[in-house]
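K.L.:
I need the structure of the sequence given here:
(one chain, ligands or ions: 1)
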Amino acid sequence: MGFSQANGASALRIGVVGAGTMGRGIVQLFAQAGHAVVCFDEKPDAAARGVAAVLATLESLVAKGRLASNALDSIRGRATSCASLADLVGCDVVIEAIVEDIAVKRDLFARLEGIVSDSCILATNTSSLIVAEIASACRHPARVAGLHFFNPVPLMKVAEVIAAVRTAPSAISALRALVEGAGHKAVVVADQPGFLVNHAGRGLYTEGLRIVEEKVAGPSEVDDVLRDGLGFRMGPFELLDLTGLDVSSRVMTSIYQQFQEEPRFRPSSLVPPRVAAGLYGRKTGEGWYRYEKGQKVQPAPKSPPSLPSALSVWIDPEAPDSDALAGLVGNAGARQGLSPSGADVCLVQPIGEDATTAALRLGLDPVRSVAVDPITPLFRRRTMMLTVATASAVRDAAHALLASDGVPVTVIGDSVGFIAQRVIATIVNIAANIAQRAIAEVEDLEAAVRIGLGYPFGPLHWGDRVGPAKIMQILNGQMRATGDPRYRPSPWLARRAALGVSLLTPEAPR
Ligand SMILES: NC(=O)c1ccc[n+]([C@@H]2O[C@H](COP(=O)([O-])OP(=O)(O)OC[C@H]3O[C@@H](n4cnc5c(N)ncnc54)[C@H](O)[C@@H]3O)[C@@H](O)[C@H]2O)c1
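P.N.:
Next up is the predicted model:
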């Protein structure tokens, strides 16, 4: 199975069925890569309009000097539309990007098999259906694979090549070569819910929502901490507003159900009432944020309280940022106390422990105790967590101190793992389980998350940066505090943390 010269350099004849958002992007990608691409859509003229729209996009690239005009001339001869499915007869590969409906896709694949040659590969761009269920409509399921692109296709430089249970390895390597020949990263993924990128991306939403559900922090506070503290381009609530909560809600539920109600993916009960109320996000003008003329209405930052005079602060000597915190105390004109007993404010920096428990463990007065997250860089944003008993005057004094050099401070309620620890541990744990289940090779997992989700690091590398033992501490702390199996550590993570080796370490050869 596979095209004879599938090395990416040889021009192929590629059929694209569906001339919507994704079909157009796929036409553009492969026409630019030098292949002959023929597009079909069931709606009359839709394919011709789709190809015309692709050429118009390329014309604008020529105008901007980003594409040579002779390159466009040759693409004009290669990107064409056709009026009948039967015109795909000579294709080496057909990529389907039609409506996300299993019955319609199965019907299309069965019809395609009657048209193309036996060596033609049939690929589906489905986001959420089981590829094997589409393949089983064909006489030769070995030729059927998933080829999942992201929107916009030419700019999102990764594609998942999905190996369904009966897909021939030769079809997978041919598709991989095709994608890489077009300049995209191809990642090979098992036919599992959410494939790779949508699976690995779950943690940001599920844990973000859980934090808000528990009233530890509000949506904009979670977004602020994750952007400034961990380097996400957008926080989960900004992303949910961008995608639309109606769409995201369906994805969350579908992945949870397809994983047989795996607790790690359990959707939040906060979502359905908001969907019912039409709080979808940008497209309805209100979601987690409000939008005016398409622009997010930024909640006004609250000014920090003023620093009380003659403040004395005790800093846990074990705190990872004890030197930086001591510098802050000195620069603010406060006094660093030698013992916690007489201090106005006691600062601790727990990992995988809430502020109340940390204060009790250290024999501190919870009324005068405040915790500061040690895993986010202190110079960008500081997350300050209260015990259940922290006095308002202590909260305000600590807030004033932590904001005294102009760095923004987010004040949150008590929670094992603050915001950033919880979210990063969840993301690393889900990625570790993807590796454990060999849904993809570790290298592909890391690349797909960086390119497909725009995270600053691949998730396992990120876990290494924080430290696998700390990730374990956070998850075990959550397990102890909540008893919720969503926090159970993946065996992949637990074993590598125990050995003190990188989370990128593959399984030993058998
Ligand atoms: N939009 C995205 O961000 C995105 C990302 C990844 C994957 N996908 C998947 O890609 C596929 C297409 O999504 P889209 O956003 O491009 O949809 P779209 O609605 O923009 O376009 C679908 C096109 O398919 C045509 N069509 C429908 N049924 C057909 C049939 N039986 N035969 C021929 N043409 C038919 C429609 O006329 C339409 O032009 C879906 O499976 C979707 O889940 C979408």
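K.L.:
ok, now which ones touch the closest residue to the ligand within the stretch 101-250 of the chain?
P.N.:
As assessed by Cβ to the nearest ligand atom, the ligand sits closest to residue 151 within the stretch 101-250 of the chain, at 3.4 Å. All C-beta spots, glycine's among them, are computed from the backbone N, C-alpha and C. Taking Cβ atoms under 8 Å, 6 or more residues apart in numbering as the definition of contact, the neighbours of residue 151 are 21-22, 25.
K.L.:
can we see that at 10 Å?
P.N.:
21-22, 25, 127 (Cβ atoms under 10 Å, 6 or more residues apart in numbering).
K.L.:
Let me see the confidence value for it.
P.N.:
Among the per-residue scores, residue 151 holds a pLDDT of 95.
K.L.:
Let the chain start at 24 from now.
P.N.:
New numbering, starting at 24: the last item is residue 174.
K.L.:
In a helix, it, correct?
P.N.:
No. With the criterion set as DSSP: H, G, I helix; E, B strand; the rest coil, the secondary structure at residue 174 is coil rather than a helix.
K.L.:
And it, how far from residue 263?
P.N.:
17 Å (Cβ to Cβ, to the nearest Å).
K.L.:
And for residue 433?
P.N.:
Here residue 433 is placed at a distance of 19 Å from residue 263 (Cβ to Cβ).
K.L.:
Of those two, which one has the most company?
P.N.:
Neighbours of residue 433 and residue 263, each counted by other Cβ atoms under 10 Å, are more numerous for residue 263; the result is 29 against 24.
K.L.:
and that one, what element?
P.N.:
Assessed by DSSP states H and E, residue 263 sits inside helix 259-266.
K.L.:
list the helices and strands that helix packs on?
P.N.:
Counting by 3 or more Cβ pairs under 10 Å, 6 or more residues apart in numbering; DSSP states H and E, the packing neighbours recorded for helix 259-266 are helix 225-236, helix 242-248, helix 268-281, strand 318-319.
K.L.:
Report the buried residues of the helix or strand just after the third one.
P.N.:
I take that to be helix 268-281. Beyond helix 268-281 on the C-terminal side, the first helix or strand identified by DSSP H and E is helix 294-299. Taking 16 or more other Cβ atoms under 10 Å as the neighbour-count basis, helix 294-299 is seen to contain the buried residues 294, 297-298.
K.L.:
Show residues contacting the helix or strand just after helix 294-299.
P.N.:
Heading C-terminal from helix 294-299, the first helix or strand you meet, by DSSP H and E, is strand 314-315. Strand 314-315 has contacts (Cβ under 10 Å, 6+ apart) with 264, 304-308, 320.
K.L.:
what sits against residue 423?
P.N.:
Taking Cβ under 10 Å, 6+ apart as the definition of contact, the neighbours of residue 423 are 327-331, 334, 355, 357, 368, 432.
K.L.:
no, scratch that, I was asking about residue 57
P.N.:
Counting by Cβ under 10 Å, 6+ apart, residue 57 touches 31-35, 94, 97-98, 101, 204-205.
K.L.:
switch to 7 Å and redo it
P.N.:
If you count contacts by Cβ atoms under 7 Å, 6 or more residues apart in numbering, residue 57 has them with residue 34.
K.L.:
tell me the pLDDT at residue 530?
P.N.:
Residue 530 is assigned a predicted lDDT (pLDDT) of 95.
K.L.:
what's the distance between it and the ligand?
P.N.:
According to Cβ to the nearest ligand atom, to the nearest Å, residue 530 stands 31 Å off from the ligand.
K.L.:
Assign a three-state SS to that residue, would you?
P.N.:
In three-state terms, and counting by three-state DSSP, residue 530 is coil.
K.L.:
neighbours of it, just the number please.
P.N.:
Other residues near residue 530 come to 11 when the count uses other Cβ under 10 Å.
K.L.:
What separation do you get for it and residue 458?
P.N.:
The separation that residue 530 has from residue 458, given Cβ to Cβ, amounts to 9 Å.
K.L.:
try residue 41
P.N.:
Distance of residue 41 to residue 458, given as Cβ to Cβ: 33 Å.
K.L.:
and what of residue 149?
P.N.:
Look at residue 149 and residue 458: by Cβ to Cβ, they are 24 Å apart.
K.L.:
Residue 413: what's it in contact with?
P.N.:
Contacts for residue 413 (Cβ under 7 Å, 6+ apart) come out as 389-390, 392-393.
K.L.:
Narrow those to just the buried residues.
P.N.:
By the neighbour-count criterion of 16+ other Cβ under 10 Å, these include these buried positions: 389, 392-393.
K.L.:
Looking at those, which one is closest to the ligand?
P.N.:
When the buried ones among the contacts of residue 413 are compared for distance to the ligand, the smallest value, 43.4 Å, is given by residue 393; criterion: Cβ to the nearest ligand atom.
K.L.:
What residue, apart from its backbone neighbours, is nearest the closest one spatially?
P.N.:
Computed as Cβ to Cβ, 6 or more residues apart in numbering, the closest residue to residue 393 that is not its neighbour in sequence is residue 421, at 4.2 Å.
K.L.:
now do residue 434
P.N.:
Here the residue nearest residue 434, using Cβ to Cβ, 6+ apart, is residue 407, at 5.1 Å.
K.L.:
Could you show which parts of the stretch 174-323 of the chain are in contact with the ligand?
P.N.:
Proximity of the stretch 174-323 of the chain to the ligand is confined to residue 174 under the rule Cβ under 6 Å from any ligand atom.
K.L.:
ok, now how distant is residue 107 from residue 70?
P.N.:
Taking Cβ to Cβ as the criterion, residue 107 is separated from residue 70 by 10 Å.
K.L.:
for residue 410, same thing?
P.N.:
According to Cβ to Cβ, residue 410 stands 63 Å off from residue 70.
K.L.:
likewise residue 35?
P.N.:
For residue 35, the distance to residue 70 equals 19 Å [Cβ to Cβ].
K.L.:
Please say which of the two ends up with more neighbours.
P.N.:
When residue 35 and residue 70 are compared for neighbours, residue 70 comes out ahead with 26 against 22, by other Cβ under 10 Å.
K.L.:
got the contact list for residue 249?
P.N.:
Counting by Cβ under 7 Å, 6+ apart, residue 249 makes contact with 255, 258, 442-443, 446.
K.L.:
Can you flag the buried ones in those?
P.N.:
In the contacts of residue 249, the ones that pass as buried (16+ other Cβ under 10 Å) are 255, 258, 442-443, 446.
K.L.:
mind putting the residues you listed in JSON lines, distance to residue 284 and secondary structure included?
P.N.:
Written out in JSON lines, the entries for those read as follows (distance: Cβ to Cβ, whole Å; DSSP: H, G, I helix; E, B strand; the rest coil):
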{"residue": "255", "distance to residue 284": "28", "secondary structure": "coil"}
{"residue": "258", "distance to residue 284": "27", "secondary structure": "coil"}
{"residue": "442", "distance to residue 284": "26", "secondary structure": "coil"}
{"residue": "443", "distance to residue 284": "28", "secondary structure": "helix"}
{"residue": "446", "distance to residue 284": "22", "secondary structure": "helix"}
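K.L.:
The closest residue to residue 39 other than its chain neighbours: what's it in contact with?
P.N.:
Residue nearest to residue 39 in three dimensions, not counting chain neighbours: residue 62, with 4.6 Å by Cβ to Cβ, 6+ apart. Each residue near residue 62 by Cβ under 7 Å, 6+ apart is listed here: 39, 42, 46, 50, 70, 73-74, 104.
K.L.:
Quick check: the gap between the closest residue to residue 69 other than its chain neighbours and the ligand.
P.N.:
Computed as Cβ to Cβ, 6+ apart, the closest residue to residue 69 that is not its neighbour in sequence is residue 42, at 4.8 Å. Noted for residue 42: a distance of 5 Å to the ligand, by Cβ to the nearest ligand atom.
K.L.:
Equivalent analysis for residue 424, please.
P.N.:
46 Å.
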